[in-house]
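Enquirer: coordinates for the following, if possible.
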Amino acid sequence: MKVQIVELKKSKNNSSNVVEYTFSDMPIILGTVLANEFRGRVYRESTVSAEGFLDKEMADKWHDVFLSLAGHQKIAGAAIPFIAADESRYALSVFATRATSVVCTSMEMQSFVLKLSAFLKSSSQLTDRMPADFLKKLCQVFSEFLDLIQVSNSDEEVDYLSLFAWRERRDEWGENYCTTFPASLGLLDYCIFNSSSVQEFSFIKEPCSKKFVMRFHVPDIINGTKFADAWREDLEHLVKMGYYPMGLLVNICERGTLDSFINRYKLIQGSSLRRSEIEGQLVINMWARYSNEVFLHLYSLDRDGHSLEDVSDELSNLL
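Expert: Numbers count the residues shown, from 1 in each chain. Next comes the predicted model:
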């Protein structure tokens, strides 16, 4: 991992200078952690290192499959090569690298570094929270980052990294909502970089068991076809190698406002990027649960004078 550090603005307090950190080859998972901490101030390129696929033969195979199916189905309004490349990204490892930059003050970066340090110190206690090989690789990524960004040591207590869910959260519905749903690591990364909602994630476990469940998102283009089982087998192979593809399903806990929910839906209407997964997981399922659990006529919102009925109508019109 390499970094270029540029001071953008000086202030009276040197410790709070605004700085841009640009990493030419940051692991995807670390960029996702960064983006969740520095919301709206982290930027990443779409290009990912070829090593991210790990198995070039497998990557080429699936790109050809998606390319062939996209051309055969003649999907309206979408570039066939783009569809093939986008669906292939689910086979990327979360430890693949891409260019990522963050704009923050030096004090904010120091706070983030302290959170990473606290995570490493407590990593031996986290084996029940995530698979051991994933935790090991994650700690290696964090350690490399700490070696790169030198800050003074501190014994002060710090908050935990916001991306990782250490507790169960119950669903809440109203002007603010909180809900948990299964979705891919790819969708998690996309939502964090394109949403004002707060995201947490945890690995899925079998009920009453310490065993982690490995399930995978199957792109719509191959769902229900002869390719679906082969796709799952290939992604499972990557997990066994310890590389964790973006298509792995995890539990995502999302918290936000109804405004952010509506804005997200409008955002995805203009993009085909993982649109089918977002529509299915984020919008339709969540709206169904919201409408079932909230008695709209019993409550009102101080939201520019709009009632919950107005919000209901707005969401219904969007859907």
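
Enquirer: run through the helices of the protein in chain order.
Expert: All helices of the chain, identified by DSSP state H, fall at 28-37, 56-73, 80-88, 106-121, 132-148, 185-194, 227-240, 258-269, 275-278, 285-293, 308-318.

Enquirer: tabulate these (a markdown table), appending distance to residue 251, mean neighbour count and mean pLDDT.
Expert: For glycine as for every other residue, the C-beta is placed from the backbone atoms N, C-alpha and C. Listed next are the helices of the chain as a markdown table, based on distance: least, C-beta to C-beta, whole Å; neighbours: other C-beta atoms under 10 Å; pLDDT from 0 to 100:
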| stretch | distance to residue 251 | mean neighbour count | mean pLDDT |
| --- | --- | --- | --- |
| helix 28-37 | 15 | 24 | 93 |
| helix 56-73 | 26 | 15 | 76 |
| helix 80-88 | 23 | 18 | 70 |
| helix 106-121 | 19 | 17 | 90 |
| helix 132-148 | 15 | 16 | 93 |
| helix 185-194 | 10 | 22 | 87 |
| helix 227-240 | 16 | 16 | 92 |
| helix 258-269 | 19 | 16 | 67 |
| helix 275-278 | 15 | 18 | 64 |
| helix 285-293 | 14 | 14 | 63 |
| helix 308-318 | 24 | 15 | 57 |
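
Enquirer: which of those helices sits closest to residue 49?
Expert: helix 28-37 (9.7 Å; C-beta to C-beta).

Enquirer: got the angle between that closest one and helix 106-121?
Expert: 130 degrees (axes from the mean of the first three to the mean of the last three C-alpha atoms, to 10 degrees).

Enquirer: can you dump the C-alpha coordinates of helix 28-37 into CSV?
Expert: C-alpha atoms of helix 28-37 as CSV (Å, rounded to 0.1, in the frame of the first residue of the first chain):
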residue,chain,number,x,y,z
ILE,A,28,-11.4,-2.7,-0.9
ILE,A,29,-12.5,-3.6,2.6
LEU,A,30,-10.3,-0.9,4.2
GLY,A,31,-11.7,1.7,1.8
THR,A,32,-15.2,0.6,2.9
VAL,A,33,-14.2,1.0,6.5
LEU,A,34,-12.8,4.4,5.8
ALA,A,35,-15.9,5.5,3.9
ASN,A,36,-18.1,4.5,6.7
GLU,A,37,-16.1,6.6,9.2
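
Enquirer: the helices of the chain: which one's closest to residue 209?
Expert: Closest of those to residue 209 is helix 132-148, at 15.7 Å (criterion: C-beta to C-beta).

Enquirer: state the distance from the nearest residue to residue 42 once chain neighbours are set aside to residue 44.
Expert: Spatial nearest neighbour of residue 42, chain neighbours left out: residue 35 (4.0 Å); criterion: C-beta to C-beta, 6 or more residues apart in numbering. Computed with C-beta to C-beta, to the nearest Å, the distance linking residue 35 and residue 44 is 8 Å.

Enquirer: now do the shared contacts for those two.
Expert: Jointly contacting residue 35 and residue 44 under the rule C-beta atoms under 8 Å, 6 or more residues apart in numbering are residue 193.

Enquirer: related to what we said a few turns ago, now the helices of the chain as JSON lines including distance to residue 178?
Expert: Converted to JSON lines, the helices of the chain look like this (distance: least, C-beta to C-beta, whole Å):
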{"stretch": "helix 28-37", "distance to residue 178": "16"}
{"stretch": "helix 56-73", "distance to residue 178": "35"}
{"stretch": "helix 80-88", "distance to residue 178": "29"}
{"stretch": "helix 106-121", "distance to residue 178": "22"}
{"stretch": "helix 132-148", "distance to residue 178": "25"}
{"stretch": "helix 185-194", "distance to residue 178": "15"}
{"stretch": "helix 227-240", "distance to residue 178": "29"}
{"stretch": "helix 258-269", "distance to residue 178": "11"}
{"stretch": "helix 275-278", "distance to residue 178": "18"}
{"stretch": "helix 285-293", "distance to residue 178": "11"}
{"stretch": "helix 308-318", "distance to residue 178": "17"}
